[in-house]
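1. Sharing a model prediction with you, sequence too.
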Amino acid sequence: TDVIIMREGLQVVRRKLLNVMNLLANFADKYKNMPALAYTHLQPAQLTTVGKRATLWLNELYMDYCELEHRLSSLALLGSKGTTGTQASFMELFDGDESKVKELEKRIADDFGFAGVVPVSGQTYSRKIDAQTLATLAGIAESASKFATDLRLLQHLKEVEEPFEKNQIGSAMPYKRNPMRSERICALARYVICDSLNPAFTSATQWFERTLDDSANKRISVPEAFLAVDAILNIMINVVSGLVVYPKVIEAHVMNELPFMATENIMMDAVKRGGNRQDLHERIREHSMAAGKRIKEEGLENDMVDRIAGDPMFGMTREQILEHLDPSAYIGRCPSQVDEFLSECVRPAIAPYLTGEDVKVEINL
């Protein structure tokens, strides 16, 4: 019965996971062309788009979906194996007729909708099944936590926020809006990730054909993992369905950094106009350091464009330099990557399960 219950639980998780994926896919598609700063080491690196970043969250959920499908397809019943897994009592029941013993297991599997039973066992099914199932749930928790952590950072940057109810209390400080839903996702995810160690240790410490120190542990660890992941997905459905994007803030952050990122293109343009690449490279380094110092130490705006325009070595007007500051020229294949990922991977996974009705969730804040 444990495996039957786990199967039912995984099917509920799959339904909600696919609902989150569908919402994120729609979000990614909507914002696939909107340039945004991309970060490595949490430092501005190049540009991405708001939608492309959403596919990073979605890709991990897609990986979880594939793992969940594998877990569901590979679940098998214990069958009728007896006290130590030898089926000795069933051989006695059927007067040594092995075909009847095997037929009994087939009928049991058929009655409960399973493709088959485990080939060999001790008294119980291998506790690795519990460990593998909770590893699958922990994978979903990991992906959810990554999404929620990124959203907390984006809310700090005032670029993207989780939804905020009209009468919601955002903080003890009346002017604040804390990312409460995302924080809750992270908290529950941490619990599930740690909880997944319980069945792993149980599986590792079984004695011969079985012992009973797994019983009390699994009756807590397995159900609580399912309950926590169910809560995580409920919150994610609520959050993703109401994400708030602030294009002007995103654009301001992009334009504040783009003069640095565009220097390679500006330098090559100046070379075409007769400049020396090595000398220009050194001059850009000097201007970058000076502009960065102005921003960090004086709190002033990025004046990189004006510095280059005023440097006769480059021989370029301000207008000619600004032609290199079109953010859409620096997002690479972001829109195409989003389109391809959604059409080739995500939409085919979601389509068989779409019912036309969204999962209804209620979040208490």
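-> Yes, it's here.
2. Report the secondary structure state of the residue of the chain positioned farthest from its centre.
-> Taking CA atoms, centre = their mean, the residue of the chain most remote from its mean C-alpha position is D95, at 55.2 Å. Reduced to three states with DSSP: H, G, I helix; E, B strand; the rest coil, the structure at D95 is coil.
3. Which pLDDT value does the model give it?
-> D95 carries a pLDDT score of 94 in this model.
4. how close does it get to Q87?
-> To Q87, D95 is 13 Å away according to CB to CB, to the nearest Å. In short, each C-beta sits where N, CA and C put it, glycine included.
5. next one: S215
-> Taken as CB to CB, the spacing of S215 relative to Q87 amounts to 23 Å.
6. can you give me the strands for the chain?
-> Listed in chain order, the strands of the chain (DSSP state E) span residues 35-40, 43-49, 160-161, 244-245.
7. Could you look over those and pick the most buried one?
-> Most buried of the strands of the chain by mean neighbour count (mean count of other CB atoms under 10 Å) is strand 160-161; its value is a mean of 21.
8. tell me the mean pLDDT over it?
-> Confidence over strand 160-161, taken as the mean pLDDT, stands at 96.
9. And for that strand, what's in contact with it?
-> 50, 151, 154-155, 177, 179, 243-246 (CB atoms under 8 Å, 6 or more residues apart in numbering).
10. Test my guess that K30 contacts G51.
-> Yes: in this structure K30 lies within contact range of G51 using CB atoms under 8 Å: 6.7 Å.
11. which of those two has more neighbours?
-> Neighbour count, other CB atoms under 10 Å: between K30 and G51, G51 has more, with 25 against 15.
12. can you count the residues close to the residue nearest to the more buried one when sequence neighbours are not counted?
-> Distance criterion CB to CB, 6 or more residues apart in numbering; nearest residue to G51, sequence neighbours excluded, is K32 at 3.4 Å. Each residue near K32 was counted by other CB under 10 Å, and the total is 22.
13. In contact with K32: list those residues for me.
-> Applying CB under 8 Å, 6+ apart, we find K32 in contact with 49-52, 334-335, 338-339.
14. ok, 7 Å please
-> Contacts were defined as CB atoms under 7 Å, 6 or more residues apart in numbering; by that measure K32 touches 49, 51-52, 334-335, 338.
15. And for N265?
-> Contact partners of N265, counting by CB under 7 Å, 6+ apart, are H324.
16. So for R210, what's the pLDDT?
-> You'll see R210 listed with a pLDDT of 88.
17. so it makes contact with S121?
-> No: in this structure, R210 sits apart from S121 without contact. The criterion is CB atoms under 7 Å, and the distance is 9.1 Å.
18. what about S215 and Q87, which has more around it?
-> Q87 (21 against 11).
19. May I have the phi/psi pair for that one?
-> Comment: the main-chain dihedrals of Q87 come out as phi 60, psi 20, following degrees, to the nearest 10.
20. thinking again about what came up before, from the contacts of K32, which land in helices?
-> Here DSSP state H is the test, and the contacts of K32 give 51-52, 334-335, 338 as lying in helices.
21. how about those residues in JSON lines, adding distance to G9 and pLDDT?
-> JSON lines is the format used below for those (distance: CB to CB, whole Å; pLDDT from 0 to 100):
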{"residue": "G51", "distance to G9": "32", "pLDDT": "98"}
{"residue": "K52", "distance to G9": "33", "pLDDT": "98"}
{"residue": "C334", "distance to G9": "37", "pLDDT": "98"}
{"residue": "P335", "distance to G9": "38", "pLDDT": "98"}
{"residue": "V338", "distance to G9": "32", "pLDDT": "98"}
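22. Quick one: buried ones out of these?
-> Neighbour counting over the ones in helices among the contacts of K32 (16 or more other CB atoms under 10 Å) leaves 51-52, 334-335, 338 as the buried ones.
23. Redo those residues as TSV? Include distance to A225.
-> Rendered in TSV, the data for those read as follows (distance: CB to CB, whole Å):
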residue	distance to A225
G51	32
K52	32
C334	36
P335	38
V338	32
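24. Between those, which sits nearest T205?
-> Within these, distances to T205 taken as CB to CB reach their minimum at K52, with 44.9 Å.
25. I'd like to know how far the closest one sits from A88.
-> Counting by CB to CB, the separation of K52 from A88 is 60 Å.
26. that older thread, out of the strands of the chain, nearest to K146?
-> The minimum distance between K146 and those falls on strand 35-40, with 13.9 Å, by CB to CB.
27. relative orientation of that closest one and strand 43-49 in degrees?
-> Between strand 35-40 and strand 43-49, the angle formed by their directions is 140 degrees, by axes from the mean of the first three to the mean of the last three CA atoms, to 10 degrees.
28. Just list what strand 35-40 packs against, helices and strands only.
-> For strand 35-40, the contact count by 3 or more CB pairs under 7 Å, 6 or more residues apart in numbering; DSSP states H and E identifies strand 43-49, helix 247-261 as packing neighbours.
29. in its sheet, what does it sit against?
-> Strands that pair with strand 35-40, judged by DSSP bridges, come out as strand 43-49 (antiparallel).
30. The partner strand - what's its average pLDDT?
-> The predicted confidence, averaged over strand 43-49, sits at 94.
31. between that strand and helix 247-261, how big is the angle?
-> Taking the same axes, to 10 degrees, strand 43-49 and helix 247-261 form an angle of 120 degrees between their directions.
32. Contacts for strand 43-49 next, please.
-> Contacting residues not belonging to strand 43-49 are listed as 31-39, 254, 257, 261, 327, 330-331, 334-335 [CB under 7 Å, 6+ apart].
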